[in-house]
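Trainee: Test case, fold it:
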Amino acid sequence: MSQGIVIIPTYNEIENIESIVRAVFALSTPFHVLIVDDNSPDGTAQKVVELQREFPERLHLENRAKKSGLGTAYVHGFKWALQNNFDYIFEMDADFSHNPKDLERLHEACVNGADMAIGSRYVTGVNVVNWPLNRVLMSYFASVYVDFIMGMKIHDATAGFVCYKRNVLETINLDKIKFIGYAFQIEMKYRTFVNKLKIVEVPIIFTDRTKGQSKMSNAIIKEAIFGVITLRLKKIFNTL
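Mentor: Down below sits the predicted model:
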């Protein structure tokens, strides 16, 4: 069986980490999990070490020295997954905003021909629970803006729930990925798109976290707005 690994970046996720790991391992598909922890002061990594005693073959941990951004955490995880010969590599949040049960639907989409499967909040309308209206509108129109600039025809360009076939991450030069927040998610999709790889959106219901704190900031939003233009210009001038 081709192996899949779920990469979960963490910073201060002690309230969620055990539950999310157990939820993934309760699925019928035997996914591995890689936690990429940015030296969380709340003991997230220590809890993962405890859980590794119970799941020694399937739970993996990479510790980083400091909080360095979501994008760099995923790139770190991508490289680790490729080095360890995983065929399907997933992005997923630790806070249950992404339903672990949907991992199997994303996996199925890639097994059936997609190179990238996106867990999409907007492909069948607006499927978001517990977000304030201004947050929903900002996220939705971010994807409209991205489509206008980049022409990808993706309904949820900022989605962070994704399955990649390994060929996508082998095709993209991961050392060129520079963005860290929403712009990172857009950049990964755009680089997949310009390499003419098949992208499929799988409808999901996104539920805002109930435990822990969101990592959203004004700097991340600003990066996304200007990052889209930067990526498009790089493509035009063949420097992407």
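Trainee: how about residue 134, phi and psi?
Mentor: With angles defined as degrees, to the nearest 10, residue 134 sits at phi -60, psi -30.
Trainee: Give me the neighbour count for it.
Mentor: Residue 134: 8 surrounding residues under other CB atoms under 10 Å. C-betas here are computed from N, CA, C, even on glycine.
Trainee: Phi first, then psi, for residue 154.
Mentor: phi -110, psi 130.
Trainee: just residue 89 next, same as before
Mentor: phi -120, psi 130.
Trainee: gap between residue 177 and residue 231?
Mentor: Residue 177 sits 11 Å away from residue 231, going by CB to CB, to the nearest Å.
Trainee: more neighbours, the two?
Mentor: Remark: of residue 177 and residue 231, residue 231 carries more neighbours, 22 against 18, as counted by other CB under 10 Å.
Trainee: Look up the residues that both of residue 177 and residue 231 are in contact with.
Mentor: Counting by CB atoms under 8 Å, 6 or more residues apart in numbering, the shared contacts of residue 177 and residue 231 are residue 187.
Trainee: Return the distance of the helix or strand residue 18 falls within from the chain's centre.
Mentor: Residue 18 is part of helix 17-25, with elements assigned from DSSP states H and E. In terms of CA atoms, centre = their mean, to the nearest Å, the centre of helix 17-25 is found 17 Å from the chain centre.
Trainee: can you list contacts of that helix?
Mentor: Residues external to helix 17-25 that are found in contact with it (CB under 8 Å, 6+ apart): 6, 8, 10, 13, 31, 33, 35, 44, 47-48, 51, 55, 58-59, 94-96, 100, 103.
Trainee: again with stretch 117-134
Mentor: Under the contact criterion CB under 8 Å, 6+ apart, stretch 117-134 has outside partners 98, 102, 105-107, 109-110, 136, 139-140, 143, 154-156, 159, 161-163, 189, 199-208, 210.
Trainee: what stretches of the protein score poorly on pLDDT?
Mentor: Applying pLDDT under 70 to the chain flags residues 1-2, 209-224.
Trainee: Mind doing that once more with 50?
Mentor: Confidence mapping of the chain against pLDDT under 50 gives the ranges 1, 215.
Trainee: which residue ranges form the helices in it?
Mentor: Taking DSSP state H to define them, one finds helices in the chain at 17-25, 44-52, 70-83, 103-111, 133-150, 166-171, 182-194, 218-236.
Trainee: Quickly compare those helices and say which is most buried.
Mentor: When you average the neighbours per residue for each of those (mean count of other CB atoms under 10 Å), helix 182-194 leads with a mean of 24.
Trainee: From the contact counts, what lies against that helix?
Mentor: Judged by 3 or more CB pairs under 8 Å, 6 or more residues apart in numbering; DSSP states H and E, helix 182-194 is in contact with helix 70-83, strand 116-120, helix 133-150, strand 162-165, strand 199-203, helix 218-236.
Trainee: Of all the ones you listed, which one is nearest residue 181?
Mentor: helix 218-236 (3.3 Å; CB to CB).
Trainee: Can you report how many residues neighbour the closest residue to residue 234 other than its chain neighbours?
Mentor: Distance criterion CB to CB, 6 or more residues apart in numbering; nearest residue to residue 234, sequence neighbours excluded, is residue 240 at 4.2 Å. Applying other CB under 10 Å, we find 17 residues neighbouring residue 240.
Trainee: Surely residue 240 and residue 233 touch.
Mentor: No - taking contacts as CB atoms under 8 Å, residue 240 lies outside contact range of residue 233: 9.1 Å.
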